[in-house]
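Asks: Structure for the following, please:
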Amino acid sequence: MAHYGFVMKVREGFEEEYRIRHQAVYPELLNIFDRLGIHSYSIFMHERYLFAYMQVAGDFEQTMEILANEEVNQKWQEFMKPIMIPWEDGNLMKRIPEVFYHA
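Replies: Sure thing, here's the model as predicted:
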């Protein structure tokens, strides 16, 4: 199972709102993660910076494409978009390369 990291950034003043929203992630979205083989998905916050980590059982690009087309994921992304700062390319998440792993 491959693992991936991402960085994101929350708008100033919305740090607590981000935490609150993630205490009530849509159960349907979590079910889709399970169905697609997305496991051990964690998000860590330092000030306004977020680091996300996930393991993906199948092909990463294909999994992300399927996820992007799921209606409940689109709804969640629209819900989160106002409190997030997009990167230069317009995406809310920036995939970062792994430089070390120890199992």
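Asks: Every contact and neighbour count from this point should use C-alpha atoms.
Replies: Noted.
Asks: Need the phi and psi values for the spatially most central residue of the chain.
Replies: The chain has residue 52 as the residue nearest its centroid, 6.0 Å off, counting by Cα atoms, centre = their mean. With angles defined as degrees, to the nearest 10, residue 52 sits at phi -110, psi 140.
Asks: Over to residue 82?
Replies: phi -60, psi -20.
Asks: And for the one 5 residues further on?
Replies: Geometry field for residue 87 lists phi and psi as phi -80, psi 180, criterion degrees, to the nearest 10.
Asks: Now for it: which residues touch it?
Replies: Taking Cα atoms under 8 Å, 6 or more residues apart in numbering, we find residue 87 in contact with 93, 94.
Asks: quick one: it from residue 30, how far?
Replies: Per Cα to Cα, to the nearest Å, residue 87 is found 25 Å from residue 30.
Asks: again with residue 49
Replies: 23 Å.
Asks: same deal with residue 53?
Replies: 15 Å.
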